[in-house]
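# From the sequence below, what's the structure:
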Amino acid sequence: MKKTLTLALLLMCAVGMNAQKSKVSEREIVGTWIMKSMQWEGEKVVECGKKKGYSQFKYYGPNGEYACAEIFVTKKGEYVVAPHEYGTYSLKDGWYTEMGRPALKDAVVLTDKNTYKGTWFNRHDVWKKAVLPDKVTKYIVERCKMKDTPDDVQQLIKKHIFK
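Below is the predicted model of the structure:
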């Protein structure tokens, strides 16, 4: 009887947790996100932000646009945007993919409308939704778009600068 009651309670908790997850629409990922912490398995949590002078930025557009950049502060107090990648993303029924990589189940889990937990290889991240001025978001997204110099520009640089 005690085992049955325990099993019933565990089942109720699991159903409750599942229901809680499903209350957050996958559309809630649309917007700008700032990394709050990261933790590699077996290591301590690394908090991001002002104290560390480092964070990451992700933008998820309503039509699948995706941009990611690292943001850090130099010793002189200057803020630097280091573009990481620009492309597309998809999040549907718990399956997440970005940049055409294979889709992973629960690699991005929205815990509420303003927080998601992400997994990248053996690193676990916590991201918070951020309201940034459009000028800042557009600047970072544009920098991400320019991360990879187009082939024709590469050839022109080679021809005209490194002749």
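# Going by C-alpha atoms from here, please, whenever you check contacts or count neighbours.
OK.
# neighbours of the closest residue to Glu65 other than its chain neighbours, just the number please.
By the measure of CA to CA, 6 or more residues apart in numbering, the closest residue to Glu65 outside its immediate chain neighbours is Thr88, 4.7 Å from it. Number of residues near Thr88 (other CA atoms under 10 Å) recorded here: 16.
# I'd guessed Glu47 sits against Lys36; true?
Yes. Using CA atoms under 8 Å, Glu47 makes contact with Lys36 at a distance of 6.1 Å.
# tell me the contacts of the residue nearest to Glu65?
By CA atoms under 8 Å, 6 or more residues apart in numbering, the residues touching Thr88 are Gly64, Glu65, Tyr66, Ala67, Glu98, Met99, Gly100.
# Show the buried residues in the residues you listed.
Burial by neighbour count, 16 or more other CA atoms under 10 Å: within these this picks out Glu65, Tyr66, Ala67, Glu98.
# any chance of the residues you listed in TSV, plus pLDDT, distance to Val30 and secondary structure?
Output for the buried ones among the contacts of Thr88, formatted as TSV (pLDDT from 0 to 100; distance: CA to CA, whole Å; DSSP: H, G, I helix; E, B strand; the rest coil):
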residue	pLDDT	distance to Val30	secondary structure
Glu65	97	9	strand
Tyr66	97	10	strand
Ala67	97	12	strand
Glu98	94	14	strand
